[in-house]
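>>> structure of the sequence below:
(chains A and B)
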Amino acid sequence: MSEPSATTSYEVPDSGAKSAQAAVDYQSSTDDLLGEKMVLNMGPSHPATHGVLRLILELNGEIVTKADLDIGFLHRGDEKIAENMHYNQFVPYTDRLDYLAPLANNVAYACAVEKLMGWELPPRGQAVRVLACELARVSAHMLGVGVFAMDVGAMTAFLYTFTEREKLYNLSEQLTGARFTTSYTRVGGQIRDLPDDFIANVRVFIKECAVTVDEIDKLLSKNMIFINRTKDVGIITREDAISFGLTGPNLRASGVERDLRKNSPYLGYENYDFDVPVGENGDCYDRYLVRMEELRQTLRLIEQVMDKMPDGPINVGDPKSVLPDKERVLMSMEELIHHFIVSTQGIEAPEGEVYFAAENPKGELGFYINSKGGGVPHRLKIRAPSFVNLSIVSKLLPGCMVSDIPAILGSLDFVMGECDR
Amino acid sequence: MEITFLAISAIKIFVFTFVITLPMIAYSTYAERRVSAILQDRVGPNRVGIPLTLFGGKKDWKFFGLLQPLADGLKGLLKEDFTPAHVRKNYYWIAPALTAVPAFVTVCVIPFGSEITIFGETVKLVIADIGIGPLFIFAIASLSVYGITIAGWASNSKYPFLGGVRACAQMISYEIALGLSIVPVLMVFGMLNLSDIVNEQAINGWLIFPAWGEGLTNPDTGNFNLGRWLLVIPLLISFFIFTVSIFAETNRMPFDLPECETELVGGYHTEYSSMKFALFFMGEYAAMIVGSALIVTVFFGGWSLGFGLDAKWLMDEAGNWKAYAGLVHLGAFLTKVVAFIVFFVWVRWTVPRFRYDQLMKLGWVVFFELALVNIFLTAGIMWWLAR
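Residues are numbered from 1 along each chain as shown, chains lettered A, B, ... in the order given. Down below sits the predicted model:
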């Protein structure tokens, strides 16, 4: 049964015949021969679809009877691009995956390549990465909660979260030099250590952020209208969540306690004390609550990271693979040679394949790298959590009302940059 | 008909619509943007002023952006008046007018003040002093839904269509609650003339706050008037239903389903632009102002200052203030209306939006029943008091 999607092409010349053909095609593919149902095109540019998701809905009055997803409007071919550049050159592309948490993507990618190389970061390097990851998580969850609130009509909460995200962008600028596209990590380390007063600034931010989280909590969590809009809407059962391969807060809201930071700890997450919130019903309200609680836990985690921040180097001490200090490059011959080789030929990766997944704000962001040696990957596959999380939408939407669509899409908290990659 | 009556009526129409209501609409858009900005830790429009630098001055006068509505209006007028090819042109053109006109027409029965004396002529500050004020407002205001429905239908596009259908259903369900909720009020007053209703409240205490006049001392016995205070209970319920229904009637948050932007893009006005869109906008704000004015008139004593001040100073023939009474009352009325507009704005930016079916349920299952029961409650209390 073919579906009324825009990607079908017809072998007829003019647009009139084309649309007639499309109508005939639709008639033969639908069970609604009388045309009592309305087919509504939602997106790719629509306020509820967070970017360029396109939904083709079949409506019976206000009730959705069928929903088809059309993705790929933001496809850039990142995986193919990766095959044509050095490992370090691909870092900026990871910024643009989940562009709400670029730091976390940088870290996940760098960790994947380091796993291929068999490197282990020094303790301070790991702690800095954890700090960067968790700041990114605050940023992403703030937006997730805020946009969800806006989708059900509470515009003010959205702008409160944006005030906090603005502060996060300032921190990001201080840390990496860029506000949005951070490109912070390199294979084997970071481009720079923490700035002098960075930790003090993060401490100030955490205090202010906790206040905002409580404020949003007061504004929404017990609001009758908000609860009516979100409770028992878009329920994902435990079984569905597992069989559709959901990850991240969406999975945990359905009652599955799976967080890669706990289940297969990386970067020394096992040294920190934090809880993994789990929902019960798997509805929109639970997904919201899980994100809110994760925000609080993340703030708690950041505090621990800062308290335990060790001293020492932040990069792997392999001069042949990691760019040496700029000062030493200018002063000594050997460093200059290494700098030249690493910059032009890339790092010398061994043959083999490796998969590394990190618990990103949206879920499990995995990088599969197949290397045949040399400075470029033979194949690089990105397991994008938003892509997988979106797969359940066409199962969730039928039976819902039109007004539930923004609530469900908002609660799934996807990013099309990552989904379409 | 006397020529003076016609002349005075024409002047009143001009003043109340073009000098008071229209600027109020313009500045309630400004208030909406500034108040929402304050609520959301933003700045809001604070730039548009007099561009003195254009004329060789050293610095622009910004006036806190107070000229923003002017700039908005100018933009609406100067933009291309675009009509999409797929619309039904006649209906598409008439719909914005059908939304805006009823809102303006209802202004005519709202008493803006008591009365002023000009050239020996005593003029009541209401355009049409008719004996069926509230009924007239309901009758005319419900016509504005035709504009929205026709706009949704004529746009020949799916999102506006859904918006139009929702508007229709919403109006019907809340119109009933609105009408029923005001019945107890009319039972208490025993009259339908809005000017007389306000007069009564000026002397005997506001409807839901009767803290002076008859509200304190029973004219029959001279004792404390407990019965009048007992009536406040059903009247508060009335006030609540009435206010919520006005929110629904004006399509504002949390009832802005016909145009909710996150689902229906722009709802019924998705296909509209420039001044035609601005007319919908003006209609919505005019409805909000008339709604606030009606709430103030019926429940909060309209133009009266309250606390017995009107009887003491302004309406006493011997008092020196008699000459200014009309103006003072006009000011009091507008102040109350502005307070309610700010309330409308405040609510809009605080709460989320209802879902379509929840809205219907609230209208038909909760408010409709509550309003009906409230009528019987009021009747029961009044019967018990009259015994």
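>>> pLDDT weak spots in the stretch 51-200 of chain B?
Where the stretch 51-200 of chain B drops to pLDDT under 70, the residues are B:119-120.
>>> how about the strands in it?
Counting by DSSP state E, counting those that start in this stretch, the segments of the stretch 51-200 of chain B that form strands are B:115-118, B:121-124.
>>> pull the distance from the first one to the chain's centre.
Which is strand B:115-118. Strand B:115-118 sits 25 Å away from the centroid of its parent chain (Cα atoms, centre = their mean, to the nearest Å).
>>> could you list the residues in contact with stretch B:296-304?
The contact list for stretch B:296-304 (Cβ atoms under 8 Å, 6 or more residues apart in numbering or on different chains) reads B:110-114, B:125, B:134, B:182, B:185, B:194, B:197-198, B:201-202, B:205-209, B:235, B:238-239, B:242, B:310, B:329-330, B:332-333, B:336-337, B:340. Bear in mind the C-beta positions are built from the backbone N, C-alpha and C, glycine included.
>>> no no, stretch A:242-261
Contact partners of stretch A:242-261, identified using Cβ under 8 Å, 6+ apart, comprise A:141, A:144, A:236-238, A:240-241, A:266, A:269, A:274, A:276-280, A:282-283, A:286-287, A:289-291, A:294, A:357-364, A:385, A:388-389, A:391-392, A:395, A:411-413.
>>> show the pLDDT at the residue in chain B positioned nearest to chain A.
Distances between chain B and chain A by Cβ to the nearest Cβ are smallest at B:Arg353, namely 2.9 Å. The confidence metric pLDDT takes the value 83 at B:Arg353.
>>> shouldn't it be within a strand?
No: per DSSP: H, G, I helix; E, B strand; the rest coil, B:Arg353 lies outside any strand segment and is coil.
>>> residues in contact with residue 124?
This is for chain A. Neighbouring residues of A:Arg124 by Cβ under 8 Å, 6+ apart: A:193, A:309-314.
>>> wait, I meant chain B there
B:111, B:114-115, B:195.
>>> hmm, which of these are the buried ones?
B:111, B:114, B:195 (16 or more other Cβ atoms under 10 Å in any protein chain shown).
>>> quick check, the second one in contact with B:Gly331.
No: in this structure, B:Ser114 is not within contact of B:Gly331 by Cβ atoms under 8 Å, at 11.7 Å.
>>> the residue of chain B closest to chain A - nearest residue in space that isn't next to it in sequence?
Excluding the flanking residues, the one nearest B:Arg353 by Cβ to Cβ, 6 or more residues apart in numbering or on different chains is A:Gly153, at 2.9 Å.
>>> I figured that neighbour was touching B:Phe255, is that so?
No: between A:Gly153 and B:Phe255 there is no contact under Cβ under 8 Å: 10.2 Å.
>>> overlap in contacts, the two.
Common contact partners of A:Gly153 and B:Phe255 (Cβ under 8 Å, 6+ apart): B:Arg353.
>>> among the contacts of stretch A:242-261, name the buried ones.
Buried by 16+ other Cβ under 10 Å: A:141, A:144, A:236, A:241, A:266, A:269, A:274, A:276-279, A:282-283, A:286-287, A:289-291, A:294, A:357-364, A:385, A:388-389, A:392, A:411-413, out of those.
>>> who's in contact with A:Pro361?
The neighbours of A:Pro361, taking Cβ under 8 Å, 6+ apart as the test, are A:98, A:100-101, A:104, A:136-137, A:139-141, A:144, A:248-249.
>>> write the PyMOL selection for whichever of those are buried.
A single PyMOL command selects the buried members of those (16+ other Cβ under 10 Å):
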select buried, chain A and resi 98+100+101+104+136+137+139+140+141+144+248+249
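>>> please narrow the contacts of A:Pro361 to those residing in helices.
Mapping these onto helices (DSSP state H) picks out A:104, A:136-137, A:139-141, A:144, A:249.
>>> got the residues you listed as CSV, with distance to A:Val130 columns?
Listed next are these as CSV, based on distance: Cβ to Cβ, whole Å:
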residue, distance to A:Val130
A:Ala104, 10
A:Ala136, 11
A:Arg137, 10
A:Ser139, 15
A:Ala140, 15
A:His141, 16
A:Gly144, 20
A:Pro249, 19
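>>> and those, which is closest to chain B?
When the ones in helices among the contacts of A:Pro361 are ranked by distance to chain B (Cβ to the nearest Cβ), A:Gly144 comes first, at 15.2 Å.
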